[in-house]
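Asks: have a look; sequence and predicted model below, questions after that.
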Amino acid sequence: MDKFDVFVFGTGTAGQLVAQECAAAGKKVGIIDIKEYGGVCSQRGCDPKKLLLASSEAFESSKNMNGDGITGKIKINWKDAFNYAKRYTSNIPKNTEKNLKENGIICYHGKASFKDAHTIILDGKEIRSEYFVIATGMQPLSLGIPGEKYTLTSADFFNLTEVPEKVVFVGGGYIGMEFGHMLCRAGSNVTIIDKGDQILSPFETFTSNLLEEESIKMGIKIIKNAQVSSIEKIENRYCVHYAINNQIHQVTTDCVFNTAGRVPSIDKLNLALANVVTDKDGVLVNSNLQSTSQAHIYACGDISSKSLPLTPLSSIEAKVVADNLNGKKRELNIPAIPSSVFTIPQCSGIGLTENEAIEAEKTYHTIESEASEWFNNQRINAPLYGYKIILENDSNKILGAHIVGPEAAEQINMFAIAMKANMTFEELKDVIFNYPTWGNDIKSF
Ligand SMILES: Cc1cc2nc3c(=O)[nH]c(=O)nc-3n(C[C@H](O)[C@H](O)[C@H](O)COP(=O)(O)OP(=O)(O)OC[C@H]3O[C@@H](n4cnc5c(N)ncnc54)[C@H](O)[C@@H]3O)c2cc1C
Ligand SMILES: NC(=O)c1ccc[n+]([C@@H]2O[C@H](COP(=O)([O-])OP(=O)(O)OC[C@H]3O[C@@H](n4cnc5c(N)ncnc54)[C@H](O)[C@@H]3O)[C@@H](O)[C@H]2O)c1
């Protein structure tokens, strides 16, 4: 029987980091994945998305400068963009596994599940470990409607070799919006259907609404407050039925993506046999990221109940788990989390939205403006730029910052530093930034 000090489920950002750090500390480590090695970020998420986005960005800047220095017909070649992204991502599984093995980690593939709190079974063979780490990430939420089998997932998006003429996204969150923008620029007729009254609901209403208006101007159809009830296959096309205020509507399309959210990947692990308690957010963990019911089983990354499903959080949590396993007792301590939707323009936020500030009974004031006419935005003929900053009344500390614009994701990083350093807004504005840059604009907010 194989025996380990630490056995890790999942080879994404979180699982790899824990395995590598524990092996470096001299522990005997095993790791397994049900898919190829590398996880969502490198194979089906952040990185391939940004690689595909590179052509959308080039297309957008060329289009915006057309007649002001650029001439000729500009077009996205999706197949080329797809091959470009694959060129970068395709070697990652092999290299990840090689790297883990070189560091003495025993690598497994397949579907293992718990037999009891210290034993798992893989292909009928038992594997024991003193400690386990669950880092299995998330998977698409089931829509639970007739015809769901016809939907594609975010993973399928990265195998799309051709641009569909017409596409429907069920869900206008991060994924629906990012993919919708890319396919729209590549020539698809895009419809986004969301059950809520705001796309990108975790984001500030001011910036989210500005992005929605811009998306509609681009040609994306956005349908809100709509309940998708079924999907019907009609020859090679699909009819999506949805209801708004009990009125039935339908849209016919070439493909339908389920972008309605993601849920913890725990269904194949038999966690109940190890007495590991879970809820809708994943494995319930304490501040050391230990299962609340089994101290020798840790969880980190998207699967843990502690934080948002974002790559930097998976890294932070994995480091906490690795430190605890390696004898450096540590609690999870998360500063304000910046987050961005990589549409064009980007929509970014950190800290509280105004609604959250009201709910938290903060005494606050806001500074908000459309800034589309500002120099940096005008310079590249970009259509939209705006911001909203939420400041605590007495201290002038930054409670939240929200930006929509071409470089919002980089600008929000400035606020991440300021908030981590507990700076007031005036202290942030006192910093000397390069001129003329997007960072320097913050001085004029
Ligand atoms: C389309 C998309 C775009 C995204 N873009 C961004 C972005 O721009 N920025 C950002 O910060 N975040 C982004 N995210 C979120 C980010 O990808 C995740 O937060 C991050 O990858 C989570 O890392 P993880 O290690 O916790 O889990 P994962 O990377 O999901 O790794 C989990 C691993 O566990 C494996 N696994 C699952 N079940 C089992 C099992 N039973 N046994 C063994 N192995 C199993 C999986 O195959 C996977 O390899 C995006 C996500 C998606 C889907
Ligand atoms: N740029 C990034 O950092 C990035 C990009 C992609 C994903 N992610 C991470 O992945 C997570 C999942 O992304 P996502 O876009 O799948 O989820 P999401 O939670 O961002 O959005 C899901 C959307 O679907 C809607 N919805 C839910 N059920 C529906 C239904 N039945 N019909 C119509 N609409 C429905 C919701 O109202 C919501 O707006 C995100 O929360 C984020 O943490 C991050």
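Replies: Happy to help now that I have it. Ligands and ions are numbered 1, 2, ... in the order given.

Asks: drop to CA atoms for contacts and neighbour counts, all remaining ones
Replies: Fine.

Asks: chain center to the longest helix seen in the chain, what's the gap?
Replies: Assignment by DSSP state H gives helix 46-64 as the longest helix of the chain. Relative to its parent chain, helix 46-64 has a centroid offset of 17 Å by CA atoms, centre = their mean, to the nearest Å.

Asks: what's the answer for stretch 289-296, then?
Replies: 26 Å.

Asks: pull out the buried positions in it.
Replies: By neighbour count with 16 or more other CA atoms under 10 Å, stretch 289-296 contains the buried residues 289-294, 296.

Asks: can you list contacts of that stretch?
Replies: 117, 130-132, 274-277, 283-286, 297-300, 304, 306, 317, 320-321, 331-332 (CA atoms under 8 Å, 6 or more residues apart in numbering).

Asks: just the buried members of these?
Replies: 117, 131-132, 274-276, 283-286, 297-300, 304, 306, 317, 320-321, 332.

Asks: can I see the domain layout of the protein?
Replies: As given by automatic domain parsing, the domain ranges for the chain are 2-140+263-325, 148-260, 339-444.

Asks: kindly provide the distance from the residue lying closest to Pro93 once chain neighbours are set aside to ligand 2.
Replies: In space, and not counting its chain neighbours, Pro93 is closest to Tyr37: 4.5 Å by CA to CA, 6 or more residues apart in numbering. For Tyr37, the distance to ligand 2 equals 19 Å [CA to the nearest ligand atom, to the nearest Å].

Asks: doesn't Tyr37 lie inside a strand?
Replies: No. Assessed with DSSP: H, G, I helix; E, B strand; the rest coil, Tyr37 is coil; it does not lie in a strand.

Asks: and it, how far from Gln139?
Replies: Tyr37 sits 16 Å away from Gln139, going by CA to CA, to the nearest Å.

Asks: over to Ile106?
Replies: To Gln139, Ile106 is 25 Å away according to CA to CA.

Asks: ok, Ala112 next?
Replies: Look at Ala112 and Gln139: by CA to CA, they are 17 Å apart.

Asks: more neighbours: these two, which one.
Replies: Neighbour count, other CA atoms under 10 Å: between Ala112 and Gln139, Ala112 has more, with 22 against 18.

Asks: so the more buried one makes contact with Thr119?
Replies: No. Taking CA atoms under 8 Å as the definition, Ala112 is not a contact partner of Thr119, at 10.1 Å.

Asks: need the overlap of contacts for the two.
Replies: With CA under 8 Å, 6+ apart, Ala112 and Thr119 have no common neighbours.

Asks: rebuild the domains of the chain as a markdown table, extending it with mean pLDDT.
Replies: Shown next, in a markdown table, are the domains of the chain (pLDDT from 0 to 100):
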| stretch | mean pLDDT |
| --- | --- |
| domain 2-140+263-325 | 97 |
| domain 148-260 | 98 |
| domain 339-444 | 98 |
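
Asks: relative to ligand 1, which of those domains is closest?
Replies: Minimum separation from ligand 1 across those (CA to the nearest ligand atom) falls at domain 2-140+263-325, 3.3 Å.

Asks: all helices for the stretch 301-445 of the chain, in order.
Replies: Here the stretch 301-445 of the chain has its helices, by DSSP state H, counting those that start in this stretch, at 311-325, 354-359, 375-379, 408-420, 425-430, 438-441.

Asks: and among these, the most buried is which?
Replies: Of those, the one with the most neighbours on average (mean count of other CA atoms under 10 Å) is helix 311-325, at a mean of 22.

Asks: hmm, that helix touching ligand 2?
Replies: No. Using CA under 6 Å from any ligand atom, helix 311-325 never reaches ligand 2; the gap is at least 7.6 Å.

Asks: that helix vs helix 46-64, what angle?
Replies: Calculated by axes from the mean of the first three to the mean of the last three CA atoms, to 10 degrees, helix 311-325 forms an angle of 160 degrees with helix 46-64.

Asks: gap between helix 311-325 and the chain center?
Replies: In terms of CA atoms, centre = their mean, the centre of helix 311-325 is found 17 Å from the chain centre.

Asks: that helix packs against which elements?
Replies: If you count contacts as 3 or more CA pairs under 8 Å, 6 or more residues apart in numbering; DSSP states H and E, helix 311-325 packs onto helix 13-24.

Asks: tell me what the helix it packs on is packed against?
Replies: Using 3+ CA pairs under 8 Å, 6+ apart, the elements in contact with helix 13-24 are strand 2-9, strand 29-33, helix 92-102, helix 311-325.

Asks: same thing but at 7 Å, please
Replies: When contacts are defined as 3 or more CA pairs under 7 Å, 6 or more residues apart in numbering; DSSP states H and E, helix 13-24 packs onto strand 2-9, helix 311-325.

Asks: let me have those in JSON lines, extended by distance to Asn396.
Replies: What follows is the helices and strands packed on helix 13-24, written out as JSON lines (distance: least, CA to CA, whole Å):
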{"stretch": "strand 2-9", "distance to Asn396": "44"}
{"stretch": "helix 311-325", "distance to Asn396": "27"}
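
Asks: out of the buried residues of stretch 289-296, flag the one nearest to Gly400.
Replies: For these, the closest approach to Gly400 (CA to CA) belongs to Leu289, at 26.9 Å.

Asks: can you pull the residues of this structure lying near ligand 2?
Replies: Applying CA under 6 Å from any ligand atom, we find that the chain lies next to ligand 2 at 143, 170-176, 193-196, 199-201, 227-228, 259-262, 308-310, 339-342.

Asks: mind giving me the ChimeraX select for the residues you listed, buried ones only?
Replies: To isolate the buried ones among the residues of the chain next to ligand 2 in ChimeraX, judged by 16+ other CA under 10 Å, type:
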select :143,170,171,172,173,174,175,176,193,194,195,199,200,227,228,259,260,261,262,308,309,339,340,341,342
